[in-house]
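Enquirer: What follows is a predicted structure for the sequence shown.
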Protein chains: 2
Amino acid sequence: MNKSTLYKGCLEPIIMRLLKDNGRMYGYQLTQMVKEITKGELQITEGALYPLLHRLEEQGVVETEMENIGNRMRKYYTLTKAGKKQTAVYVDELRTFIQSLNLIVNPKTAG
Amino acid sequence: MNKSTLYKGCLEPIIMRLLKDNGRMYGYQLTQMVKEITKGELQITEGALYPLLHRLEEQGVVETEMENIGNRMRKYYTLTKAGKKQTAVYVDELRTFIQSLNLIVNPKTAG
DNA sequence: TAATTATGTATTGATAAGTTATGTATATTC
DNA sequence: GAATATACATAACTTATCAATACATAATTA
């Protein structure tokens, strides 16, 4: 096992949740926010993030706008209406999943 | 996404944790216990479980004994000493991971 | 009694979600 | 001028899991 492989399968709801909470965000910002919130515990790689974002765009879950900051471009992602609905469902599933993990790892305190 | 794909990467610490708590267990029993504890939320498939158990045996994390119950055979798994050590580390990592997920999904209550 | 479900271990082929590595480019800091 | 941070992107590879299948016995149900 590898510490960093734990979140396989959870990345999608994680990203969607952050977009729901913060509105417009760009890729690099998402990686930094995850790192910051989890105090460095979760680090999203670009190889995981960008294909995911593109997939979400393809599916109509997010929509994008480009913006130029100085000479660099940024691609901002926003949840669509359908995306927000989706997010609610996924985050709920993730919560249930967390609860399930808790029941196994902390059988006494988790109820 | 698929609800059942959430726990990719978490199965190993889950199984090891159960073995640590309950001592000797057999494969089918592990699947049933996970299902029971999580009220049906997590269902371990054989295609995931048995290869994992075999891998753990290969690595010296668990050791096995066969037993005949009636006419059916059962293969019991027990953590080795090294396995118990490993388990402590992995479960700790899983706890940290759960905490990280919580920080993202429940930013207000999780601290 | 025939069919289905539960118990029990195991393997195979396919898939998808990651990692690692690489590429491009600008801005900043030492 | 070298290293680091910012910013997007893709390609090749790995691997953990699923779905399906296989085999076998016991128990239940129609």
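Expert: Now that the structure is in, tell me what you want to look at.
Enquirer: how about the lengthiest helix in chain A: buried residues?
Expert: Criterion DSSP state H: the longest helix present in chain A is helix A:81-105. The neighbour-count criterion (16 or more other C-beta atoms under 10 Å in any protein chain shown) identifies A:83, A:86-87, A:90-91, A:93-94, A:96-98, A:100-105 as the buried residues of helix A:81-105. To be clear about C-beta, it is placed using only N, CA and C from the backbone, and glycine gets the same treatment.
Enquirer: so which helix or strand takes in the residue most central in space within chain A?
Expert: Of all residues in chain A, the one closest to the mean position by C-alpha atoms, centre = their mean is A:Ile15, 1.3 Å from it. Using DSSP states H and E, the element containing A:Ile15 is helix A:11-22.
Enquirer: any bit of that helix sitting next to chain B?
Expert: Yes - Helix A:11-22 lies within reach of chain B by C-beta under 8 Å from any C-beta of the partner chain, at A:Glu12, A:Pro13, A:Ile14, A:Arg17, A:Leu18, A:Asp21.
Enquirer: near DNA strand C, which residues of chain A?
Expert: Residues of chain A lying close to DNA strand C (C-beta under 7 Å from any atom of the strand) are A:4-5, A:7-12, A:44-48, A:51-52, A:55, A:70-72.
Enquirer: Please pick the buried ones from those.
Expert: Using 16+ other C-beta under 10 Å, the buried ones in these are A:Ser4, A:Tyr7, A:Gly9, A:Cys10, A:Leu11, A:Glu12, A:Ile44, A:Ala48, A:Leu52.
Enquirer: Now the fourth one. Nearest residue, chain neighbours left out?
Expert: This means A:Cys10. B:Leu6 (6.0 Å; C-beta to C-beta, 6 or more residues apart in numbering or on different chains).
Enquirer: quick one: that neighbour from DNA strand D, how far?
Expert: 9 Å (C-beta to the nearest atom of the strand, to the nearest Å).
Enquirer: Against A:Asn22, how distant is that residue?
Expert: Distance, B:Leu6 to A:Asn22, using C-beta to C-beta, to the nearest Å: 23 Å.
Enquirer: re earlier: which pair in the buried ones among the residues of chain A next to DNA strand C spans the largest distance?
Expert: A:Ser4 and A:Glu12 (16.5 Å; C-beta to C-beta).
Enquirer: Need the contact partners of stretch A:62-76.
Expert: Contacts to stretch A:62-76, defined as C-beta atoms under 8 Å, 6 or more residues apart in numbering or on different chains, come from residues A:19, A:24-28, A:53, A:56-57, A:77-80, A:83.
Enquirer: 6 Å - rerun?
Expert: A:Arg24, A:Tyr26, A:Leu56, A:Glu57, A:Tyr77, A:Thr78, A:Leu79, A:Thr80, A:Gly83 (C-beta atoms under 6 Å, 6 or more residues apart in numbering or on different chains).
Enquirer: same thing with stretch A:47-57?
Expert: A:Gly27, A:Val62, A:Thr64.
Enquirer: Would you pull up how far it lies from the middle of the chain?
Expert: Centre-to-centre, stretch A:47-57 and its host chain are 10 Å apart (C-alpha atoms, centre = their mean, to the nearest Å).
Enquirer: name the element the closest residue to DNA strand C within chain A belongs to?
Expert: Proximity of chain A to DNA strand C (C-beta to the nearest atom of the strand) peaks at A:Gly47, 2.2 Å away. Per DSSP H and E, A:Gly47 falls inside helix A:46-58.
Enquirer: how much does that helix deviate in direction from helix A:81-105?
Expert: 130 degrees (axes from the mean of the first three to the mean of the last three C-alpha atoms, to 10 degrees).
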